[in-house]
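**Q** Below is the sequence, then the predicted model.
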Amino acid sequence: MDRRAFSTGLVAGAALAAAGMARAQGGRQPTMVVPYTPGGSTDILGRLFTDAFSAKAGEKYIVENRPGASSMLGSAYVSSSPPDGRTLMYTYGNLMLNQEFLMKENRLLPLRDLVPVTRTCIIQAVIVAAPSFPANNLRQLLEMARKNPGKHTYAYYGDLGIASVAAEADVQLLRVPYKGGVPGMTDVMAGTVDIITSSLAQAQPMLKAGKLKALAVYGDERLHEWPDVPTVKEVLPNFRALDYQVVMAPKGTQGAVLAQLAQRAKAALAGAEIRQAFLERGAIVAPMSPEETLAFMESDRAQLAKVVKAAKILPE
């Protein structure tokens, strides 16, 4: 292909994307669905992202909370929306994928019914316990679990982080189901349940107040404010589990439209101000292209399938 033909193709592709976006200018309100209740970390980060994304798009996307069924109600709504770039979803990628393995009645398969626009960030997450809990770090917790299989408990609300740790360490921890992370954390602080995985943003006030203590950090680096808390990988070198957030679009979103959405998302996440705002809320901006995000999520799904099998978690 010569240079003139290539340039013409680029211009045509951009024109198609712009036309696809513009067709509905006078129609539906551009919407960013957050499939969780207002006030949580996903909602807060989703609103920060949506404001920045709207500025790059040249039109206002509103945030619409559609909680329920562990994010599946919002996912189903987006998957059934027209694939024109006007209805998108900001959500936890790993928690969304989890539901395929955890819900009996789940008919939505995220990587079949939705298409990634970008990964926005990696969430700094921690395993926390009440200050009175005997273990002060993950290594001590695992030693206790080996001596007393099935005795020690963790609050479970759809996140497979602790199940992944237990599977990798080959220990038995007792799962206590909760409808959300907040009630689970409340019971951990009260000593009713031993441990829970939490985003740093959610746990940080209780950690600073001495109402919780951190046993381990997910991710590759220790936290700046708690340098003595080890990462999970320091204890379990082969461990792989990350909390991360993504933007998803309905399946069938055309390549040119998807490319333009991804370009706007990348530009929205490039500014120093939004990166600092995310970091202050326990999130590290880490954008990926649609293709990179899909490959990352496919790898994550395969890992989750192994964890569910090893932990003998059955759909409910």
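**A** Structure's in. What do you need? These figures come from a predicted structure and were not determined experimentally.
**Q** Same question for stretch 221-239: list its buried residues.
**A** 223, 226, 229-236, 239 (16 or more other CB atoms under 10 Å). All C-beta spots, glycine's among them, are computed from the backbone N, C-alpha and C.
**Q** what's the closest of the residues you listed to Gln276?
**A** Closest approach to Gln276 among those (CB to CB): Leu223, at 16.5 Å.
**Q** you'd agree the closest one is up against Ala201?
**A** No - if you go by CB atoms under 8 Å, Leu223 and Ala201 don't touch, sitting 12.0 Å apart.
**Q** what's around Ile62, how many residues?
**A** Neighbour count for Ile62, taken as other CB atoms under 10 Å: 12.
**Q** I figured it hits Val33, correct?
**A** No - counting by CB under 8 Å, Ile62 does not reach Val33; the two are 9.9 Å apart.
**Q** what about the strands in the stretch 51-200 of the chain?
**A** Assigned by DSSP state E, counting those that start in this stretch, the strands in the stretch 51-200 of the chain fall at 62-65, 87-92, 114-123, 125-129, 153-156, 174-177, 195-199.
**Q** The fifth one - what's its average pLDDT?
**A** If I follow you right, that is strand 153-156. When pLDDT is averaged over strand 153-156, the result is 93.
**Q** Find the residue at the geometric middle of the protein.
**A** By CA atoms, centre = their mean, the mean C-alpha position of the chain lies nearest to Tyr92, the distance being 2.4 Å.
**Q** So that residue sits against Leu45, correct?
**A** No - Tyr92 is beyond contact range of Leu45, at 10.0 Å (criterion: CB under 8 Å).
**Q** for the buried residues of stretch 221-239, which one is nearest Leu97?
**A** Using CB to CB, the buried residues of stretch 221-239 come closest to Leu97 at Phe239, 17.6 Å.
**Q** Quick one, grab the pLDDT at that closest one.
**A** Phe239 is given a pLDDT of 86.
**Q** That one against Val165, yeah?
**A** Yes - between Phe239 and Val165 a contact is recorded at 6.8 Å, counting by CB under 8 Å.
**Q** Return every residue with contacts to both of these two.
**A** Common contacts of Phe239 and Val165 (CB atoms under 8 Å, 6 or more residues apart in numbering): Val232.
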